[in-house]
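Undergrad: Sequence plus predicted model, see below.
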Amino acid sequence: MSAGYTVNLRLLAAFRFLLVPLVRILLRNGISFNEISEVMKGAYARVAATDFAVPGRPMSYSRLSITTGIARKDFDRVLGEEDRLRRALESNAGQIANVLQGWHNDPEYMGPYGFPRDLAFAREVGGGPSFEDLVARYASDVHAQLMLEELMRVGAATIAEESGMIRVLKRTFIPEQMAPELIEVFARGVRRFVETIDHNLGEEDASKRRFERWVFPDYGIREEDWVPFNDMVRDRLQEVIEDLETQFVLFRRPRAGVDRTLSVGVGLYLYKDDLSDDKKFQEMLASLLDDEQGTEPKQGM
């Protein structure tokens, strides 16, 4: 068996392992294989056209077909779906997160001791910054009244009874179960992590790799310790997140139309492996190793 063929088999095994939780989400929400297969065709076509084009030569449907294995007749349909799917993914999650972050970290919207100010909806003559100003700065595509309604709907802001001012209640936005915002958070979160892994796998210069670290108890934990372990990690990582947010203001805000802007950030998460899935994956890799060495698969694999 050639080394290249073995790598392909291992990569396919790894992707099957990776796809299990994603397929679980799809099936839970009634997405069939036929529907997701069309999306996969579109993803293959897009990546082939943008990342694997030969410089100076147009990427024709024929070349796309050779590169991806997708029939030429399918390209008009799958590429036509790209824009519709992109628009369906977009939600107000990023806009809400930007407003909350600005409210907690922009000195103009913070009061004594670093606490976010209560804001009047509109700026009054001679008055301080308003909620309209905040939204215009951090979510310019959204009307301030709609932003206020959404913040109140998700419990991130309220109207203070004693003053009638708008008071922020949360510094982060966590959408409700399977709301459009949560779907966007899920998609962007998984993609950002996978792109970090992809970058690090392809970057030989260690100094240019993106920060990526793991820490875990060497021997696991007892099942009854899961809740306190989860609480401990949540509290410690929340401190890290809040500290990082205060440091972001040290970097100058990009000027629209002048500076090239990068979308950057830090993702932190706690994992708990599905040990049955992990065992199946290890057995699959062991079976591939047996094939490489020309031996019979181990009993029970």
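TA: Yep, it's here. Numbering: from 1, shown residues only.

Undergrad: tell me the secondary structure for residue 238?
TA: Three-state call for residue 238 (DSSP: H, G, I helix; E, B strand; the rest coil): helix.

Undergrad: what about it, neighbour count?
TA: 13 (other Cβ atoms under 10 Å). Any C-beta I mention is one placed from the backbone N, CA and C, and that applies to glycine too.

Undergrad: What of residue 7?
TA: With other Cβ under 10 Å as criterion, residue 7 counts 10.

Undergrad: For it, pull up the helix or strand it's in.
TA: Assigned by DSSP states H and E, residue 7 belongs to helix 3-28.

Undergrad: buried stuff in that helix?
TA: If you call a residue buried by 16 or more other Cβ atoms under 10 Å, then helix 3-28 has these buried ones: 9, 13, 17, 26.

Undergrad: okay if I get those as TSV plus pLDDT and distance to residue 101?
TA: Output for the buried residues of helix 3-28, formatted as TSV (pLDDT from 0 to 100; distance: Cβ to Cβ, whole Å):
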residue	pLDDT	distance to residue 101
9	80	44
13	81	40
17	81	34
26	83	31
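
Undergrad: so how far is the helix holding residue 7 off the chain centroid?
TA: Centroid separation for helix 3-28 versus its chain: 19 Å, with Cα atoms, centre = their mean, to the nearest Å.

Undergrad: Toward the C-terminus from it, list the very next helix or strand.
TA: Next element after helix 3-28 (DSSP H and E): helix 33-51.

Undergrad: Tell me the buried residues in that following helix?
TA: Residues of helix 33-51 classed as buried by neighbour count (16+ other Cβ under 10 Å): 41, 42, 44, 45, 48, 49.

Undergrad: can you check stretch 238-250 too?
TA: Applying a neighbour-count criterion of 16+ other Cβ under 10 Å, one finds residue 245 buried in stretch 238-250.

Undergrad: What are the contacting residues of it?
TA: 101, 104, 105, 106, 107, 114, 171, 172, 266, 268 (Cβ atoms under 8 Å, 6 or more residues apart in numbering).

Undergrad: let's go with 7 Å and repeat that
TA: Stretch 238-250 is contacted by residues 101, 104, 105, 106, 266, 268 when judged by Cβ atoms under 7 Å, 6 or more residues apart in numbering.

Undergrad: A helix includes the second one, no?
TA: Yes - secondary structure of residue 104 (three-state DSSP): part of a helix.

Undergrad: So it sits against residue 117, correct?
TA: No - at 10.4 Å, residue 104 does not count as touching residue 117 under the criterion of Cβ atoms under 7 Å.

Undergrad: Stretch 198-206: end-to-end distance?
TA: End-to-end span of stretch 198-206 (Cα to Cα, to the nearest Å): 14 Å.

Undergrad: List of residues touching that stretch?
TA: 209, 210, 212.

Undergrad: try stretch 123-133
TA: Stretch 123-133 has contacts (Cβ under 7 Å, 6+ apart) with 108, 109, 119, 120, 121, 122, 144, 148, 166.
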